[in-house]
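1. Sharing a sequence plus its predicted fold:
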Amino acid sequence: MVCGADRGANAAQVRPHGPNEPVRNPRLVLYPFLGAVYPVVALAAGNPGEVPGWWVLRWPICISLIACLVLWILFGFFLRDPDRRAFATLMGVTVFACYGYVVMAMRDLPSVAGYADSALPLLILVGYLTAVTYLVFRLQPNLRPLRRFLNTFTAILVGWNCLGLLRQTFNTNDLQAQAKQPSSSAVPKTSPPPGGPDIYLIVLDKYTGSRSLKSNFEFDNSEFEAFLTSRGFVLPKAAQANYIYTILSLATLLNYRYLDDLSSQRHAQGRNKNRLNHLIEDSAVWRFLKARNYRFIFFPTGFPFTAGNRFADLQLPHPRQIPSEFEIVWRWTTLLDPALAWLCPRANCARTPMPFANDPKHLEWQFDQLTQLPKLSRPTQPLFVFAHLTVPHEPYVFRADCEPRPPMGASFGIVQDDSPEKQAYTAQISCLNRRLRSVVDHLLKDSPRSPIILLQSDHGHGRMPLHIPDLELVTPDRIAERMDIFAAYYLPGASKEIIYDSITPVNVFRTVFRQYFQSDLAPLPDVSYWSPWSNIFQLTKVSHAHRGTE
C-alpha cells in the first residue's frame, strides 16, 4: 500500500531504515503468494489436455497458498524487514514447489538414482536456495526495487498462464459447439421399438491378456476365464489393442473408428488431447444409443478423459468427489507427501489430504454400485453403463484376497528385480477377478432382460517405465505384451462366431450394433499402433511378428 498523507508527517521526511529495522509504511508484497500459485497454473497450462476443468486447481492452489502463509508467518519471527521476509518466503515456496522435480531428475541419473528417496534432494535444494538468499541479502541491502520487480514479474507469469488456460477453455468449448451430427448408421430411419438390452461397458485398465500373463508373469488366468465361459461369455483367444495408451484406445472403442485425422505435429498435441477428451465424452456410441432412448450412466475417474461426462443421465459419484490425475501429479512435484510422511506418524493424522489414485474404498464402492444398477433399468428406457475401472493398473492397492495393502507404484525400468511388482500386479488381477465374478452374477441374475456385458481392457502391461520409448527401443516380447489384452463379451442370443479371436476395440461396437440394431457398420481391418510417450500421436503400425500373432 502506498503511504498516505494522513499519516501525519511529510512522507519525504521519513527516515531511511536499515535492513532489519521495521518499515513504518510497508508497500504491498504479493510475489511470494503469486510465486506459490505459479507452479500450479504453469503445470495446468503446460498440460491442457490433462485438466478437465478449472475446478481441479482448487486444492493445489489452496494448499500452496497455505504453505506460503505458514512460511510467511515463520519467517516473521526472524526477519523484521518485510522485503527480506518476502524473499525468504519465496525461497521456501520454491523448496515446497520444486522438491519433486529434483527427485525425478535424480531418478533419471543412474549415478545418484539410489539417493532420490533420501534426504539428499531436500538438502541440495535447501542448500542452493539458502546460498542464493544469503547472496541477495549481502549484495542488496535495500530490496524494495527487487520487490517491485518480482511483484510485476510473478503477476505477469501467473496472468500469462491463466490466459493460456482460458484460451484452452475456449478451444474446448468450440469443440463442444461443433458437435458432429449423428451418422446415418446412428440415427434410426424409423422410430425404433421400445426396449432393448441393457449394455454394460466395463473397461479394465491395463489388464493383460492370458498368453502374456502366463509367459511373462507366470500367472494362470484360466480359472476366471472358465467362470466367464460357464456364464455364456465369449473370450477371444488373441484380442489385440489398437493403441497402447488408454486415451487413444477409449476414443477408438467409443467411436468405432481409427484416429487417422489427428496430427502428429508437436504443436498440435494439446488440441489433439482436447479432441480425444471430447470424442470420449460425446462419443458415437452414446449418440447411437441416445437415438434409441437409452439412459446413460457414467462412472467418473481421476483421468482427465474420463473425469466426468456432461451428457450422462447419472454419474456415480459426482466428478468433483474424485481427485483428478492433475492433483495427484502436482502433489508428486511438491514437498507435500514427504512432509506428511514425517508429520503424520507424530501427529496421528491421515497420510494424505486427498485420496490417491485407486483408493480401495472408492473401488469397492464402484463394484457395489455396478451390482445395484439393474434396479434402474426400465422396459422402455434401457441402460448404457460406461465404467472405466482403474484396475489392475498401478498403484497396486489390493492383495489377492482383496485386503487393502500399502500402495505400490510402478518400478519397471527403475529397479533390477521386477518380481515384487509382478507379484503385486497379478495379486491385483486376482482381486479384480473376484469382484468381477460378483458383478457378473448380479447383472445376469437381477437384470429384467438379458444384458450385453462387455469386459474390455484398453491395453496390456508391457513392463516398461512410465515414459514409453520408441518402437525400435522395445523388445518384441514387451511389445506383444502391451498389445495383448483381456476381453470377454456376453452377447445374449448371438452366435459365438460373431466374435473372432483377434478382435480389436475398434470393431467391438460395430459388431454389437450390427447384431442387435441391424446397423450398417461394416467391420474395419484390425490394426495395432505404437507411439512413444514423447508424442503419443506419432503412430507406427505394429507388425504381426511384434504382436506375437503369427
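-> It's in. Numbers count the residues shown, from 1 in each chain.

2. Compute the number of surrounding residues for residue 521.
-> The number of residues packed near residue 521 is 20, by other C-beta atoms under 10 Å. C-betas here are computed from N, CA, C, even on glycine.

3. before we move on, what about residue 49?
-> Neighbourhood size, residue 49 [other C-beta under 10 Å]: 19.

4. cool, and residue 230?
-> Using other C-beta under 10 Å, residue 230 has 8 neighbouring residues.

5. how far does the lengthiest helix in the chain sit from the chain's center?
-> In the chain, with assignment by DSSP state H, the single longest helix is helix 144-177. Centre-to-centre, helix 144-177 and its host chain are 24 Å apart (C-alpha atoms, centre = their mean, to the nearest Å).

6. by contact count, what packs against that helix?
-> Judged by 3 or more C-beta pairs under 8 Å, 6 or more residues apart in numbering; DSSP states H and E, the packing partners of helix 144-177 are helix 31-46, helix 82-107, helix 269-281.

7. Among those, which comes closest to residue 395?
-> Proximity to residue 395 (C-beta to C-beta) singles out helix 82-107 among the helices and strands packed on helix 144-177, at 16.3 Å.

8. how about the closest one: buried residues?
-> Under the neighbour-count criterion of 16 or more other C-beta atoms under 10 Å, helix 82-107 has 82-100, 102-103, 106-107 buried.

9. C-terminal to it, what's the next element?
-> Sequence order places helix 120-139 as the next helix or strand after helix 82-107, per DSSP states H and E.

10. next one: that next one to chain centre, how far?
-> Once both centres are worked out by C-alpha atoms, centre = their mean, helix 120-139 turns out to sit 34 Å from its chain's centre.

11. Buried residues, that helix. List them.
-> Neighbour counts over helix 120-139 (16+ other C-beta under 10 Å) mark 121, 122, 125, 126, 129, 133, 137 as buried.

12. any chance of the residues you listed in TSV, plus pLDDT?
-> What follows is the buried residues of helix 120-139, written out as TSV (pLDDT from 0 to 100):
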residue	pLDDT
121	90
122	91
125	93
126	93
129	93
133	93
137	92
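
13. now, among the residues you listed, which is nearest to residue 522?
-> residue 121 (55.8 Å).

14. Tell me the buried residues in stretch 419-432?
-> For stretch 419-432, the neighbour count (16+ other C-beta under 10 Å) marks 421, 422, 423, 424, 425, 426, 427, 428, 429, 430, 431, 432 as buried.

15. does the last one really touch residue 206, like I thought?
-> Same thing as residue 432. No: using C-beta atoms under 8 Å, residue 432 is not in contact with residue 206; the gap is 10.7 Å.

16. any shared contact partners between those two?
-> By C-beta atoms under 8 Å, 6 or more residues apart in numbering, residue 432 and residue 206 have these common neighbours: residue 392.

17. Could you tell me the per-residue confidence at the nearest residue to residue 85 once chain neighbours are set aside?
-> Sequence neighbours aside, residue 79 is the residue nearest to residue 85 in space, at 4.2 Å (criterion: C-beta to C-beta, 6 or more residues apart in numbering). With respect to pLDDT, residue 79 has a value of 91.

18. swap in the one 4 residues further on?
-> On the pLDDT scale, residue 83 is placed at 93.

19. list the contacts for it?
-> Going by C-beta under 8 Å, 6+ apart, residue 83 touches 23, 29, 142, 143, 144, 146, 147.

20. Give the full set of residues in contact with residue 371.
-> 438, 439, 442, 443, 446.

21. That one: which element?
-> Using DSSP H and E, residue 371 falls within helix 360-372.

22. now that helix, how far from the chain's geometric center?
-> That offset, for helix 360-372, works out to 19 Å (C-alpha atoms, centre = their mean).

23. Mind listing what's buried along it?
-> For helix 360-372, using 16+ other C-beta under 10 Å, the buried residues are 360, 362, 363, 366, 367, 369, 370, 371.

24. So which bits of stretch 324-339 are buried?
-> 324-331, 333-338.

25. Next, the residues that contact that stretch from outside, please.
-> For stretch 324-339, the external contacting residues (C-beta under 8 Å, 6+ apart) are 39-40, 43-44, 47, 50-52, 56-57, 59-60, 63-64, 95-101, 104, 122, 302-304, 307, 352-354, 356-357.

26. Buried ones from those, can you make that a PyMOL selection?
-> Buried members of these, defined by 16+ other C-beta under 10 Å, are picked up in PyMOL with:
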select buried, resi 39+40+43+44+47+50+51+52+56+57+59+60+63+64+95+96+97+98+99+100+122+302+303+304+307+352+354+356+357
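
27. follow-up on the earlier one: sec struct for the residue nearest to residue 85, please.
-> For residue 79, the assignment made with DSSP: H, G, I helix; E, B strand; the rest coil gives coil.

28. I figured it hits residue 89, correct?
-> No: if you go by C-beta under 8 Å, residue 79 and residue 89 don't touch, sitting 9.1 Å apart.

29. just for the protein, where's the confidence low?
-> For the chain, the stretches with pLDDT under 70 are 1-27, 171-195, 349-357, 413-416, 544-550.

30. Would you map out the domains in it?
-> The chain resolves into domains spanning 17-165, 198-257+291-302+357-547 when parsed by automatic domain parsing.
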